[in-house]
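sharing a model that was predicted from the sequence below.
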There are 2 protein chains.
Amino acid sequence: MNVLLTGSAGFVGSHLAEHLLHAGHTVVGVDNYLSGQRSNTEALRAHPRFHFVQADVSLGLHEAHLPPGVDALDWVLHFASPASPPHYQQHPIETLMVGAQGTQYALDLAWRQGARFLLASTSEVYGDPHVHPQPEGYWGHVNPNGVRSCYDEAKRYAEALTMAYHRARGVDTRIIRIFNTYGPRMRADDGRVVTNLIHQALRGEPLTVHGDGQQTRSFQYVTDLVDGVLRLMTVTHHDPVNLGNPDEYSILHFAELVRDLIDPRLPIHFTPAAEDDPRQRRPDIRKAEQLLGWVPRVPLADGLARTILHARHPGAPVLAHTS
Amino acid sequence: MNVLLTGSAGFVGSHLAEHLLHAGHTVVGVDNYLSGQRSNTEALRAHPRFHFVQADVSLGLHEAHLPPGVDALDWVLHFASPASPPHYQQHPIETLMVGAQGTQYALDLAWRQGARFLLASTSEVYGDPHVHPQPEGYWGHVNPNGVRSCYDEAKRYAEALTMAYHRARGVDTRIIRIFNTYGPRMRADDGRVVTNLIHQALRGEPLTVHGDGQQTRSFQYVTDLVDGVLRLMTVTHHDPVNLGNPDEYSILHFAELVRDLIDPRLPIHFTPAAEDDPRQRRPDIRKAEQLLGWVPRVPLADGLARTILHARHPGAPVLAHTS
């Protein structure tokens, strides 16, 4: 199959591209490197079925972008967007645009091509939820005007637009809501707790835990996410599907695991609770289980070990293509 | 002052244009007539300070659209959008686009011009609220994927984009959230309860009330809304401000008032409760009161009488310019 993937140089996009190539497909990757990494493209460039287009999908996405030999598309997968709070808050207008104009250009391309379309949405559409865990039918609790609204509202808009293209134009759409995900090729500066802990430990610094560390988080390993995406593309279901790992661990547990995997002698420093990270989300994944036969399979310790190995040796290939 | 007003041929836009002209300003009205009415433009065309541009603001809004003699803008007021459920559900993609691309073109124009910008948002950002009445700080309860999401999410996105332009680019922005509004020049086919009742009565038909008619609604007369808009433009406040009338009346009371004003002999027919109109919203207007010294002033009976008079004689001028 011929697959166009926006955000191919991003963390999740790069893994998805790798798996699609591994499965025998042709991949046209598109990225403008606003938050994607050139090294991710370089790692894929050697593959004969990988084609890269440097372009901003918010400004247009057309057949003229397709490389010679790729004259029709089977799938359009729209993963382009800044996704970590430091990145989207640094680029609020670009983040809003890739949710609206970017999604629409990708949908228009899928419509013209008769291609299946997938929107990478996010657990952020649930905002600061009043329901735990969050099923897909929960409408969310999002501040439309806050500093995070550029991301949250862009993704909610992208979902509404995707449903409108499905209903009004019959585009064969899919929507996933991605919960916290980790793995090799996360940007060192993404500002997320797993990344911060790993890079503190690799620098030989104390690991920082905010508050008493008893607040919990859940993280899925990136290959579990990729597996869910590929399964969803093979069934017909247009409403959103959560993809995330419901296993919750305390932040202190993450810190201890990372410390033990890197250097058990490192101290853990407790600092005052962070004001800007109050959100706790946990996916209700019963729909994905029933619809796709999907559950996350990679244990936290294994995923962290692979992530740390890659953070130590960024140039090395990622070990496993699937879980 | 020079004012650019998108949606100038719409119900609210046409009243706003009239008041701005009356106050001595120059008005550049922009509309594509997707849901606006040509008759509203025709009524304004005779005014020497009114200029009309037929254009779709979702496709662009540039200095080239300005008529000769208008070489700088003081205000950009963005009112363009389908706003009644039958219209936006008939045009979901256009509704989403005017919230995203349309708002952005209007913001970009205001930014380049150093003009003050106002976004006409809506009480629909509160969705099916769990809090009554709704203060501006309430985050709302909106289904991002339902058939109304094309409007609700477009307006939430437009608010987020407006705040992003204010924060990231320093545009001098205003946001109003408009609650149910009625008055002369509402489209006969807007599908709203006031319009339906008036046109049933004018046709000599029985007035239809769903359920027992005890469900309540609140409606503001359009000149009250215009008054609030003009007051907000003269103070500095970037967060959203509710503009609506908090006085609630039962639907049966509306029907009886309309009947008594048109033909007291008409019967009222009760039909099964409508499934698709469950939303009840009532504005908390304390912010507008404190910030703007604004309260709605037109009593329901007066507003209905003016509305009915205009529905009987659509060509006649609207009587009062202010309440």
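Structure received.

hey, let's count contacts and neighbours off CA atoms from now on
OK.

contacting residues around residue A:255?
In this structure, residue A:255 makes contact with A:197, A:207, A:209, A:268, judged by CA atoms under 8 Å, 6 or more residues apart in numbering or on different chains.

which element is the third one on?
Assessed by DSSP states H and E, residue A:209 sits inside strand A:207-210.

residues in contact with the residue lying closest to residue A:199 once chain neighbours are set aside?
Computed as CA to CA, 6 or more residues apart in numbering or on different chains, the closest residue to residue A:199 that is not its neighbour in sequence is residue A:188, at 7.0 Å. Neighbouring residues of residue A:188 by CA under 8 Å, 6+ apart: A:195-196, A:199.

for the residue in the stretch 201-323 of chain A that chain B sits nearest to, which non-adjacent residue is spatially closest?
Per CA to the nearest CA, residue A:239 is where the stretch 201-323 of chain A lies closest to chain B, at 7.7 Å. Closest residue to residue A:239 apart from its sequence neighbours, by CA to CA, 6+ apart: residue A:175 at 6.4 Å.

burial count for that neighbour?
Burial of residue A:175 is recorded as 26 neighbouring residues (other CA atoms under 10 Å in any protein chain shown).

any idea what it is bridged to?
Judged by DSSP bridges, the bridge partners of residue A:175 are residue A:119, residue A:240.

can you count the residues close to the residue lying closest to residue A:192 once chain neighbours are set aside?
Leaving aside its sequence neighbours, residue A:192 sits nearest to residue A:84 (CA to CA, 6+ apart; 7.3 Å). Residue A:84 has 16 neighbouring residues, counting by other CA under 10 Å.

wait, doesn't residue A:84 sit right on residue A:193?
No. Residue A:84 is beyond contact range of residue A:193, at 11.0 Å (criterion: CA atoms under 8 Å).

re the thing from before, surely the residue of the stretch 201-323 of chain A closest to chain B meets residue A:177?
No. With contact defined as CA under 8 Å, residue A:239 does not count as touching residue A:177 (10.4 Å).

which ones are touching the closest residue to residue A:157 other than its chain neighbours?
Using CA to CA, 6+ apart and skipping residues adjacent in sequence, the residue nearest residue A:157 is residue B:153, 5.4 Å away. Going by CA under 8 Å, 6+ apart, residue B:153 touches A:153, A:156-157, A:160, B:96, B:125, B:142, B:144.

can you put those in TSV and add pLDDT and secondary structure?
Conversion of the contacts of residue B:153 to TSV gives the following (pLDDT from 0 to 100; DSSP: H, G, I helix; E, B strand; the rest coil):
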residue	pLDDT	secondary structure
A:153	98	helix
A:156	98	helix
A:157	98	helix
A:160	98	helix
B:96	98	helix
B:125	97	helix
B:142	96	coil
B:144	96	coil
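
possible to save these as a markdown table with distance to residue B:25?
Output for the contacts of residue B:153, formatted as a markdown table (distance: CA to CA, whole Å):
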| residue | distance to residue B:25 |
| --- | --- |
| A:153 | 35 |
| A:156 | 38 |
| A:157 | 35 |
| A:160 | 38 |
| B:96 | 31 |
| B:125 | 31 |
| B:142 | 38 |
| B:144 | 39 |
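
who touches the worst-scoring helix or strand of chain A on mean pLDDT?
Taking mean pLDDT, DSSP states H and E as the measure, the helix or strand of chain A with the lowest value is strand A:216-217, at a mean of 86. Strand A:216-217 has contacts (CA under 8 Å, 6+ apart) with A:248-251, A:280-282.
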